[in-house]
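Asks: got a predicted structure here, sequence first:
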Amino acid sequence: MNTKEEPHKDFSIPSKTGLSIKARARWIASEHLIWVILLALVLFGLSVDGFASQRNFINVLWAASPLGMMVLGLYFVMIAGRLDLSLESSLVFAPTVAIVAMTEWFIGMDPLLAIAITILVGALVGIFNGLVSVILGVNAFLVTLATLIIMRGAVVFLIPEGVYNLPEIYTDLGGTRLFGVFPLAVIVLVIAFLISYLIMKGTAFGRSLIGIGNNEEACRVAGINVKAVLIGAFMLAGICSSIGGLLQVGRLFSVDATMGEGDILIVFAAVTLGGTALTGGRGSVSGLLGAILVIGLITNLMNLIGVAVSIQEIVFGAVLLIAIILSSVQDRLRSHGG
């Protein structure tokens with residue numbers, strides 16, 4: 001399979017002589033706005049009691065890890081111009097199936113096997129979404145909306161009261177603190193980001209995802225197996241979401257039907273804030289990292305200040321709207337900036 005080499009992009013800071021102040025401002029807004037927002041949040045946070053402590057910083061990273069895995073999953077789909085709404089349900093459905101298998105269907109099952117089953121279930125859900133949307137040609141938005149509802153209902157059926165006594169090994173990935181301080185979940189997220197970066201920068205699969213997002217028909221003419229690549233993207237999304245479920249179950253030491261409910265909107269906002277185009281073909285893994293930190297800090301600051309839950313929902317709705325607007329503005333800046 002032949003794919004065209006992407007032209008080398010220069011991410012160095014523009015020289016003073018090369019760009020005017022206006023042009024430099026446009027460059028920052030179009031390429032690095034997420035880091036400006038992150039810096040502004042940190043500076044604001046320094047005025048809030050409890051924000052600047054090591055414990056608080058670690059808790060922000062720990063709480064953001066499950067969400068970060070979903071953000072990575074949605075990124076693989078959105079960069080190719082598709083959408084997966086089912087990730088918030090995969091987050092809870094995959095561990096639920098494994099936990100029920102371990103505690104009811106096959107009592108005494110090795111928790112390590114249950115971890116493998118969790119990831120396998122996530123992968124299978126992703127493959128199913130891919131097959132129906134890509135092979136049958138059904139709109140991915142509608143397919144994944146349906147699987148979101150189906151899986152959420154299945155979780156309510158399987159664990160109507162939730163499960164709160166889980167084997168220690170199963171929760172280690174999300175609940176362990178290295179040296180009693182640093183969450184293992186954060187290291188898992190960092191490793192996932194590094195692997196994702198290598199996939200996007202160093203493999204034909206990653207370049208094909210970007211190519212499909214830019215011009216699907218051109219990729220098909222060039223000999224790229226578009227259907228296989230898209231199904232692979234949905235499968236990766238399911239795997240990422242299931243790992244996020246493992247991290248969340250480990251952090252909470254429990255699982256119930258409300259876990260992850262409504263998170264897909266925040267995940268979508270994070271992917272968009274991170275610079276991934278709504279239409280696909282543009283986005284970076286590094287931008288996602290900044291977006292996850294921004295979402296995590298917004299949540300943390302509201303909790304520290306004591307903002308009511310209802311107001312927090314309004315804030316995240318506003319964040320979603322702002323993310324969509326900024327994505328459109330950045331696209332226009334890039335088109336004018338060349």
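Replies: Perfect, I can see it now.

Asks: mind listing the strands for the stretch 101-250 of the chain?
Replies: Along the stretch 101-250 of the chain, counting by DSSP state E, counting those that start in this stretch, strands occupy 177-178, 182-183.

Asks: okay, these in TSV with mean neighbour count, mean pLDDT and distance to V319 next?
Replies: All C-beta spots, glycine's among them, are computed from the backbone N, C-alpha and C. Formatted as TSV, the strands of the stretch 101-250 of the chain follow (neighbours: other CB atoms under 10 Å; pLDDT from 0 to 100; distance: least, CB to CB, whole Å):
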stretch	mean neighbour count	mean pLDDT	distance to V319
strand 177-178	12	83	29
strand 182-183	18	86	24
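
Asks: looking at those, which is closest to L148?
Replies: Closest to L148 of those is strand 182-183 (CB to CB; 27.8 Å).

Asks: isn't G244 up against L91?
Replies: Yes. The pair G244 and L91 qualifies as a contact (CB atoms under 8 Å) at a distance of 5.3 Å.

Asks: which neighbours do these two share?
Replies: The contact sets of G244 and L91 overlap at P66, M70 (CB atoms under 8 Å, 6 or more residues apart in numbering).

Asks: tell me the centre residue of the protein?
Replies: When CA atoms, centre = their mean is applied to the chain, the residue found nearest the centroid is V71 (0.7 Å).

Asks: I'd like the average pLDDT over whichever strand or helix holds that residue.
Replies: Per DSSP states H and E: V71 is located in helix 54-78. The average pLDDT within helix 54-78 is 91.

Asks: cool, stretch 202-217 as well?
Replies: Mean per-residue pLDDT for stretch 202-217: 92.

Asks: same check on stretch 136-155?
Replies: Here the average pLDDT along stretch 136-155 is 93.

Asks: now the helices for the stretch 201-338 of the chain?
Replies: 204-214, 216-221, 226-252, 263-273, 285-305, 309-337 (DSSP state H, counting those that start in this stretch).

Asks: mean pLDDT lowest for which of these?
Replies: For those, mean pLDDT drops lowest on helix 309-337, to a mean of 74.

Asks: check contacts around the closest residue to P183 other than its chain neighbours.
Replies: With CB to CB, 6 or more residues apart in numbering as the criterion, P183 has its nearest non-adjacent residue at 4.2 Å, and that residue is W62. Listed by CB under 8 Å, 6+ apart, the contact set of W62 reads P183, A185, V186, R251.

Asks: can I get the residues you listed in JSON lines including distance to G290?
Replies: Compiled in JSON lines, the contacts of W62 are given as follows (distance: CB to CB, whole Å):
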{"residue": "P183", "distance to G290": "20"}
{"residue": "A185", "distance to G290": "19"}
{"residue": "V186", "distance to G290": "16"}
{"residue": "R251", "distance to G290": "22"}
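
Asks: quick one: which of these has the most company?
Replies: Most neighbours among the contacts of W62, by other CB atoms under 10 Å: A185, with 29 neighbours.

Asks: quick check: it vs L142, distance?
Replies: Remark: distance between A185 and L142 (CB to CB, to the nearest Å) = 33 Å.

Asks: now do L120
Replies: For L120, the distance to L142 equals 25 Å [CB to CB].

Asks: of those two, which one has the most company?
Replies: L120 (16 against 13).

Asks: the closest residue in space to L301 that isn't next to it in sequence: neighbour count?
Replies: Nearest non-adjacent residue to L301, counting by CB to CB, 6+ apart: G45, 5.7 Å away. By other CB under 10 Å, 19 other residues sit near G45.

Asks: tell me, how many residues neighbour A257?
Replies: Using other CB under 10 Å, A257 has 20 neighbouring residues.
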